[in-house]
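Q: below: sequence and its predicted model.
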Amino acid sequence: MKKRRAVIITTIALVVVIGAMGAYGVWRVLSAAPEEVSLDAAVAAVKQQEASNTDAGDEAVAGNKGTDAAGDAVSLNGVWRVDSETGSFSFEESTGSFVGFRVKEELAKIGATTAVGRTDQVTGELSIDGSAIQTVSISADLSSIVTNDSRRDSAARYALNVKQNPTATFNLTQPLELPQIDGSKVSVRAEGQLTVNAITRDVNVDLDAQLVDNTIVVVGSTKVTFSDYDVTAPSAAIVLSVDDHGVVEFQLLFSRK
């Protein structure tokens, strides 16, 4: 009798543990995806970090409005490189530079969700001459893409074929005319070429940018069709369907060096 009771208790305990694991898995899948990129959020994070780096007795940096101490416009001419040191990076909240994707999927017994993947392994630069951005060149290491679940990380990297082609790039193909930069928000559309999985396509990218002290903050996105890049959505028993289209998004901080 005691042995039978021990077996029953052990079985119940296993059911509870398995149930808890299942609940945890569902929570992981349903946990809220990070918000879409936002210039306001990115600018606020940069300003907060700038404030924390400034001694309490220091005066505010006049360059925050695109002017020097005398009130004269500051020239932005030169090369600005992606700043990989400012801010922090995690799947849930990123205050630094990163690129990533968003795609809608349908999961069994769960419903519609948004899968998000991001990486902070980004390099690149832009050059400004006069009132135009003349060149932009950005590279991202997709083999470091992370999501909200390690199993999804592996599936996303496999779908992106990172073993053979880990690097995605964007290059501006037409100079980008800018209105006067005075510390306020600038919204423009950039023409360029996006390369993923060693396949290059022409894209239009909607950008929002703002000068904050000595940093140019840029966020943007472009819609993509994954099959255009020979990217096939990964399959799993729980995944009923995944859209063949999604969004590539980015948040980039540029500093002049």
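A: Sure, I can see it.
Q: could you measure from Asn214 over to Ala44?
A: 17 Å (Cβ to Cβ, to the nearest Å). Where you see a C-beta, it was placed from the backbone N, CA and C, and this is true even at glycine.
Q: same check, this time on Arg152
A: To Ala44, Arg152 is 29 Å away according to Cβ to Cβ.
Q: between those two, tell me which one has more neighbours.
A: Neighbour count, other Cβ atoms under 10 Å: between Arg152 and Ala44, Arg152 has more, with 21 against 14.
Q: so the more buried one belongs to a helix, correct?
A: Yes - secondary structure of Arg152 (DSSP: H, G, I helix; E, B strand; the rest coil): part of a helix.
Q: quick one, what contacts it?
A: Listed by Cβ atoms under 8 Å, 6 or more residues apart in numbering, the contact set of Arg152 reads Ala115, Gly117.
Q: can you give me the pLDDT of it?
A: We have a pLDDT of 78 for Arg152.
Q: and the pLDDT at Ala45?
A: We have a pLDDT of 93 for Ala45.
Q: what's the distance between the closest residue to it other than its chain neighbours and Thr169?
A: Leaving aside its chain neighbours, Ala45 sits nearest to Thr95 (3.8 Å; criterion: Cβ to Cβ, 6 or more residues apart in numbering). Remark: distance between Thr95 and Thr169 (Cβ to Cβ) = 24 Å.
Q: higher neighbour count, these two?
A: More neighbours surround Thr95 than the other of Thr95 and Thr169, with 19 against 16 (other Cβ under 10 Å).
Q: from Asp141, how far out is that one?
A: The gap separating Thr95 from Asp141 is 20 Å, by Cβ to Cβ.
Q: quick one: list the elements packing against the helix or strand encompassing Lys223.
A: Using DSSP states H and E, Lys223 sits within strand 215-225. In terms of contacts (3 or more Cβ pairs under 8 Å, 6 or more residues apart in numbering; DSSP states H and E), strand 215-225 is packed against helix 39-52, strand 186-196, strand 199-212, strand 245-256.
Q: nearest to Asp129, out of the ones you listed?
A: With Cβ to Cβ as the measure, strand 245-256 is the member of these nearest Asp129 (13.2 Å).
Q: just checking, what packs against the closest one?
A: Against strand 245-256 (3+ Cβ pairs under 8 Å, 6+ apart) you get helix 39-52, strand 78-82, strand 98-107, strand 122-129, strand 215-225.
Q: again, only this time at 7 Å
A: Other elements packing on strand 245-256 under the criterion 3 or more Cβ pairs under 7 Å, 6 or more residues apart in numbering; DSSP states H and E are strand 78-82, strand 98-107, strand 215-225.
Q: what residues does that strand touch?
A: 36-37, 42, 46, 78, 80-83, 86-87, 94, 96-103, 122, 126, 194, 214-226 (Cβ atoms under 7 Å, 6 or more residues apart in numbering).
Q: show me the contacts for Gly78.
A: Ile128, Arg256.
Q: what's across from it in the sheet?
A: Ile128 (DSSP bridges).
Q: what's the per-residue pLDDT of it here?
A: 95.
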